[in-house]
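> would you be able to build a 3D model of this:
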Amino acid sequence: MAVAIGPVPAISHDAMLVFLVQIGVLLIVATALGRLAARLNLPAVVGELAAGILVGPSLLGTVAPAVSERLLPRDAEQMHLLGAVAQLGVLLLVGITGAHIDLGLLRRRRVAIAWVSVGSVLLPLALGIGLGFLLPASVMGGNGHRPVFALFIGVAVAVSALPVIAKTLLDMKLMHRNVGQVIIGAAAVSDILGWLLLSIVSATATVGFRAGVVAESVGYLLLVLAATVFLARPLVGRVMRTVQRSANGSDLGIAAVVVLLVLAAAGTHALKMEPMLGAFLCGTLIGSLGAESRRFLELARPFVMGVLAPLFLATAGLQVDLTALQRPAVLGAALITLLVAVGAKLAGGYLGARMGRLAHDEALAIGAGLNARGVVEIVLASVGLNIGVLNSASYTIVVLVAVVTSVMAPPILRRTVGRMAQTSGELEREREYAAQPVAS
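As a prediction, the model looks like this:
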């Protein structure tokens, strides 16, 4: 029997109205609170995330439930509209994050970065996994496989936030310092390992933690990495060279990098891995092709950072329910998780730096700098909630860790680096940085 083909019904008037109001309200509040946070010398991510918390169930849903229900109706299709826009924002944000990675820096400082990376990733990962097995079952998501949940907590404790760290170092004029370069390199390694491990968590969340599933996930990861190096790199390079020769290079270049990031995300998603892994690897590729290719991502950056990223962070904040912390079990789990996250990263970074023959103050600065988890942790928390590994309580805990560590890292970093004299090499690098703009 033939199926009649007709036009797809348009979105309803009310649904479109609610969607537009949601976008407007969240952007207004996120932008205002982001600027307020910056004035208070806090990362803008804190204010942008707070926008969703204020508009969500933690405040507006409690104070004015009727207004909250009108603005954020409990309708899956309505919220999926907002979620789709936020998803595009996070893919582009992760792609821009990947472009921060300086592969040449990783090679030049490989010994120190290797030791710092081992300490700052493996120790927090191990302690985080152990914590995941000890946390109460009440903070586990619907896909309540304890090993998967424990691995996710381990990843959340182990990651650092390269975008937040890079911006902090630039704002504090520490990018030219040796310690700043080691922090950036180790954060890059942490991000790469974090996205790879997250893809394993995502793949096993739906079918349980079994050796065959893990082996398949690792196989897909190796396939993606091989395709990135041997297939995607020459293809992306050819696209970028073609765009650079175009008379309308800027507009075409922005479109090209967005298409590449989205298609790379689709590729890893098709293999049942996180789409953000594809966007991250593609962004790293684009960044490695030189300043001309990075320029197109930088042209897209103002819209992503000014509109899409705040919208994503505000949307992520909508899922935070601070009222859950009123429950003693959840509050206790939050405090323990925060203590483990801060202590493990600080100790791991410090021990790794000392093994790499760095001085005491340098080691403290590295441990403090790598503690900032910021937007990367929030993205991980959103993924964990979406795949059912986290519930609203554990999601709130992970986001709380992201905010607290992002706030505490800069003052500790400023204090430790202030005691370190600059070397002649650092002074020379500072002059070079002053003579030419540095991509942020």
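> doesn't Pro73 make contact with Val21?
No. Taking Cβ atoms under 8 Å as the definition, Val21 is not a contact partner of Pro73, at 11.2 Å. Just so you know, the C-beta spots here come from the backbone N, C-alpha and C atoms, and that holds for glycine as well.
> okay, these two: which has more neighbours?
Neighbour count, other Cβ atoms under 10 Å: between Val21 and Pro73, Pro73 has more, with 15 against 12.
> what helix or strand is the residue lying closest to that one once chain neighbours are set aside on?
The shortest distance from Pro73 to any non-neighbouring residue, by Cβ to Cβ, 6 or more residues apart in numbering, is to Val18 (6.6 Å). Element membership for Val18, per DSSP states H and E: helix 13-39.
> show the pLDDT at Leu370.
On pLDDT, Leu370 comes in at 89.
> count of residues packed around it?
Residues lying near Leu370 (other Cβ under 10 Å) number 34.
> contacts only, for it.
116, 120, 160, 165, 183, 186-187, 190, 345, 349 (Cβ atoms under 8 Å, 6 or more residues apart in numbering).
> which single one of those is nearest to Ile28?
Closest approach to Ile28 among the contacts of Leu370 (Cβ to Cβ): Ile165, at 28.4 Å.
> skipping adjacent residues, who's closest to that closest one in space?
Distances taken as Cβ to Cβ, 6+ apart place Ala187 nearest to Ile165, at 4.9 Å, with adjacent residues excluded.
> cool, and Ile153?
If the residues on either side of it in the chain are set aside, Ile153 comes closest to Gly132, at 3.5 Å by Cβ to Cβ, 6+ apart.
> three-state assignment of that neighbour?
Classification of Gly132 by DSSP: H, G, I helix; E, B strand; the rest coil places it in helix.
> and it, how far is that from Gly154?
Distance, Gly132 to Gly154, using Cβ to Cβ, to the nearest Å: 6 Å.
> what does Leu42 give?
28 Å.
> more neighbours: the two, which one.
Set Leu42 next to Gly154 and count neighbours by other Cβ under 10 Å: Gly154 wins out with 23 against 16.
> show me where the stretch 1-150 of the chain has helices.
For the stretch 1-150 of the chain, helices defined by DSSP state H, counting those that start in this stretch occupy the ranges 13-39, 44-55, 60-63, 65-71, 76-99, 103-108, 110-117, 123-134, 146-158.
> quick revisit: mind picking the two most distant members of the contacts of Leu370?
Among these, Val116 and Ile165 lie farthest apart (Cβ to Cβ), at 12.7 Å.
> how close does the nearest residue to Ala205 once chain neighbours are set aside sit to Leu17?
Of all residues not flanking Ala205 in the chain, Ile387 sits nearest, at 4.5 Å (Cβ to Cβ, 6+ apart). Distance, Ile387 to Leu17, by Cβ to Cβ: 31 Å.
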